[in-house]
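Peer 1: 3D, please:
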Amino acid sequence: MDLDLVKWRAGLDEAMEARGAWPERAPWLREAVSALPRDWFAPERLWRWDGDAYVAVERWADPQGWAGELYGDQSAAAITQVSGGLPSSSLSAQGVVVDMLDSLLLEPGHRVWDIGGGQGWNAALAARRAGPGLVVSTEIDPGLAEFARARLAAAGLDVEVLVADATGTAPGGERFDRVIATYAVERVPPAWVEATRPGGRIVYPWGRLGHVALTVAEDGRSATGWVQGLGQFMADRAGAAPPVAGFTGYAAVRGGGPAETDRVVERDLGALEGNWDLTFALRVAVPDAVITTGRDEDGVNAWVHDGVGSWAAFGAVGDGTTVLHQGGERRIGDELMIAWAVWDGLGRPEPCEYGITVGPDRQFVWLRDPVGGPRWAVHGAVAADGSAR
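Peer 2: Numbers count the residues shown, from 1 in each chain. Okay, here's the model as predicted:
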């Protein structure tokens with residue numbers, strides 16, 4: 001069967017329109033996506049999870065399957081590279097790309113630093129808006145950088161692509177009006193703030209769960225802003241490897257020893273399966289907790305670990321209660337239950353009610369008010385006076 005990419009593109013365009021996913025304040029994005037379609041920046045081999053492993057989807061062998069990976073779901077990334085059995089690069093979901101570029105508030109004439117360039121699609125869309133020669137893209141993988149250069153040139157775009165680790169240095173000597181990253185970081189590297197002019201904007205994925213838009217202060221030394229939306233992102237390749245998710249990661253941390261404590265928890269864990277507001281709040285309060293859930297006839301169970309040596313297992317009893325087993329240096333299950341209770345007490349806020357402040361010596365998440373609202377350090381709690389604890 002012939003591959004009709006025009007039909008696939010139109011299908012995703014219409015699906016986004018039906019869901020109200022095209023930003024009203026940035027109509028240029030829909031036109032840019034149409035002019036620079038995602039498939040122009042996709043390799044001939046994509047990857048799909050089959051339930052056990054990532055398997056190749058070749059354009060020549062399965063053209064419809066290949067197109068489906070690109071255009072089947074506005075919220076799904078297309079995996080473009082697998083290393084060691086795990087995804088190491090992707091074309092971000094079209095809905096997420098559009099949402100992040102909308103959050104960037106990009107205007108013609110802005111100088112843009114695109115971080116984690118991947119296959120070059122994000123830089124291409126930014127360049128169409130900013131103008132020729134105004135976008136610099138950095139990518140740590142030389143092979144990906146070369147691929148992006150070729151695709152950007154084929155699209156007729158003047159974008160500089162550099163091989164560089166963006167966590168330490170910024171390209172060039174001038175400050176940028178806009179900085180956008182396409183991989184997740186826990187802490188914003190100081191170089192990103194230093195490279196952005198006062199009043200400029202930084203959009204980046206935080207903690208592989210949501211993206212944030214910061215505005216740089218007039219002194220050029222700090223930045224603050226709100227969480228913009230949810231989405232899952234690749235982790236920073238230059239940083240430490242994230243803890244292994246799933247039951248495999250939990251089992252490796254727990255080992256074979258018995259639980260050190262057991263107690264009954266008067267809470268049904270059902271909300272952990274699909275309540276993203278709760279999931280985000282727990283991520284803020286206990287950032288190193290890796291949570292896996294599973295359901296049986298008694299209800300939802302959960303297995304938690306911190307990637308180091310502490311673990312918790314929540315076993316549903318069937319009467320709305322749960323038995324909590326824990327071990328390790330900390331009681332990470334108790335930490336999650338406390339964070340859940342705090343979220344309840346705060347009125348169950350949504351992710352968009354949170355924000356992040358990045359300063360020269362500390363970074364913290366805040367709720368509703370960057371000055372007077374509750375705060376959590378990016379790596380632990382922050383006291384009311386702003387000091388770490």
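Peer 1: For the spatially closest residue to L105 that is not a sequence neighbour, what are phi and psi?
Peer 2: Using Cβ to Cβ, 6 or more residues apart in numbering and skipping residues adjacent in sequence, the residue nearest L105 is R201, 5.8 Å away. Bear in mind the C-beta positions are built from the backbone N, C-alpha and C, glycine included. When read as degrees, to the nearest 10, the backbone of R201 gives phi -130, psi 140.
Peer 1: Could you chop the chain up by domain?
Peer 2: Split into domains by automatic domain parsing, the chain comes to 5-230, 248-345.
Peer 1: Same list (those) but as a markdown table, adding mean neighbour count and distance to R375.
Peer 2: Listed next are the domains of the chain as a markdown table, based on neighbours: other Cβ atoms under 10 Å; distance: least, Cβ to Cβ, whole Å:
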| stretch | mean neighbour count | distance to R375 |
| --- | --- | --- |
| domain 5-230 | 19 | 12 |
| domain 248-345 | 17 | 10 |
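Peer 1: Point out the one among those that comes closest to Y354.
Peer 2: Proximity to Y354, assessed across these by Cβ to Cβ, is greatest for domain 5-230 (4.8 Å).
Peer 1: Quick one: mean pLDDT for that closest one?
Peer 2: For domain 5-230, mean pLDDT rounds to 95.
Peer 1: Span of that domain from start to end?
Peer 2: One end of domain 5-230 to the other measures 28 Å (Cα to Cα, to the nearest Å).
Peer 1: hang on, the earlier thing: TSV please, covering the domains of the chain and showing distance to R368.
Peer 2: Converted to TSV, these look like this (distance: least, Cβ to Cβ, whole Å):
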stretch	distance to R368
domain 5-230	10
domain 248-345	13
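Peer 1: And the helices in the stretch 1-150 of the chain?
Peer 2: Using DSSP state H, counting those that start in this stretch, the helices found in the stretch 1-150 of the chain span residues 5-18, 28-35, 63-71, 94-103, 121-130, 142-154.
Peer 1: Dump the last one to PDB, restricted to CA.
Peer 2: Taking Å, rounded to 0.1, in the frame of the first residue of the first chain, the C-alpha atoms of helix 142-154 are listed here in PDB:
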ATOM      1  CA  PRO A 142      27.500  13.800  17.000                       C
ATOM      2  CA  GLY A 143      25.500  11.400  14.800                       C
ATOM      3  CA  LEU A 144      22.200  13.200  15.700                       C
ATOM      4  CA  ALA A 145      23.800  16.600  15.100                       C
ATOM      5  CA  GLU A 146      24.900  15.600  11.600                       C
ATOM      6  CA  PHE A 147      21.400  14.200  10.900                       C
ATOM      7  CA  ALA A 148      19.800  17.400  12.000                       C
ATOM      8  CA  ARG A 149      22.200  19.500   9.900                       C
ATOM      9  CA  ALA A 150      21.200  17.500   6.800                       C
ATOM     10  CA  ARG A 151      17.500  17.700   7.400                       C
ATOM     11  CA  LEU A 152      17.500  21.400   8.300                       C
ATOM     12  CA  ALA A 153      19.600  22.200   5.100                       C
ATOM     13  CA  ALA A 154      17.200  20.100   3.000                       C
END
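Peer 1: And the contacts of it?
Peer 2: Contact partners of helix 142-154, identified using Cβ atoms under 8 Å, 6 or more residues apart in numbering, comprise 40-41, 43, 81, 89, 117-121, 123-124, 127, 137, 139, 159, 161-163.
Peer 1: just the third one next, same as before
Peer 2: Around helix 63-71, the neighbours that count as contacts under Cβ under 8 Å, 6+ apart are 1-3, 5, 8-9, 11-12, 38-39, 42, 44, 46, 48, 57-59, 76, 78-79, 91, 94.
Peer 1: V57 and W343, how far apart?
Peer 2: Distance, V57 to W343, by Cβ to Cβ, to the nearest Å: 39 Å.
Peer 1: what do you get for I291?
Peer 2: I291 is 14 Å from W343, by Cβ to Cβ.
Peer 1: before we move on, what about G320?
Peer 2: From G320 to W343 the distance is 19 Å (Cβ to Cβ).
Peer 1: repeat for R129
Peer 2: From R129 across to W343, the span is 38 Å (Cβ to Cβ).
Peer 1: With R30 instead?
Peer 2: 36 Å.
Peer 1: cool, and I202?
Peer 2: 27 Å.
Peer 1: Please apply the same query to T261.
Peer 2: Distance, T261 to W343, using Cβ to Cβ: 23 Å.
Peer 1: Look at W366 and tell me its secondary structure.
Peer 2: Three-state call for W366 (DSSP: H, G, I helix; E, B strand; the rest coil): strand.
Peer 1: tell me, how many neighbours does it end up with?
Peer 2: Using other Cβ atoms under 10 Å, W366 has 21 other residues around it.
Peer 1: Now do the contacts for it.
Peer 2: Y354, G355, I356, T357, G373, P374, R375, W376.
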